[in-house]
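**Q** Pasted the sequence and its predicted model underneath.
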Amino acid sequence: MAQANNPGETKTKFVKETIDQISKLHFSNEKTKFTPDALIMTTEMTRIYVLEAATRAATQAKSEGNKTVELEHVEKILPEVLLAFS
């Protein structure tokens, strides 16, 4: 992942079709589907959410003197991220 201060500056890409397929796993009616605009928005929101979590986990790791993000760093920032996006 490219390092940037702004999530919009990264070269991270989420494939719309992947998000669509993951979402279908949780739809209760198999006829439920996204409109094209809703799928684009959901894909972008997922990308932003993941980048924010990754950035916060990296900051947590760095503050503890680590160069590698471990699961424990993600676990430490997860409640904060969930509250920020709720």
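**A** On my side now, so go ahead.
**Q** check contacts around the residue of the chain most remote from its centre.
**A** Ranked by distance from the centre of the chain (Cα atoms, centre = their mean), the top residue is Lys31, with 26.1 Å. If a contact means Cβ atoms under 8 Å, 6 or more residues apart in numbering, then Lys31 has no contacts. Heads up, the C-betas are built off the backbone N, CA and C, glycines and all.
**Q** Could you give the number of residues near Lys11?
**A** 7 (other Cβ atoms under 10 Å).
**Q** low-scoring stretches of the chain, by residue?
**A** 1-10 (pLDDT under 70).
**Q** Find the centremost residue of it, please.
**A** Geometric middle of the chain (Cα atoms, centre = their mean) lands on Val50, at 1.7 Å.
**Q** how far does the helix or strand harbouring that residue sit from the chain's center?
**A** Following DSSP states H and E, one finds Val50 within helix 36-63. Put simply, helix 36-63 sits 3 Å off its chain's centre (Cα atoms, centre = their mean, to the nearest Å).
**Q** Likewise for stretch 27-45?
**A** The answer for stretch 27-45 is 16 Å, by Cα atoms, centre = their mean.
**Q** number of nearby residues for Ala57?
**A** Around Ala57 there are 21 other residues, counting by other Cβ under 10 Å.
**Q** My guess is it contacts Ile77. True?
**A** Yes - the pair Ala57 / Ile77 is scored as a contact, 5.3 Å apart, by Cβ atoms under 8 Å.
**Q** And for the nearest residue to Glu64 once chain neighbours are set aside, the neighbour number?
**A** Of all residues not flanking Glu64 in the chain, His73 sits nearest, at 7.4 Å (Cβ to Cβ, 6 or more residues apart in numbering). Neighbourhood size, His73 [other Cβ under 10 Å]: 21.
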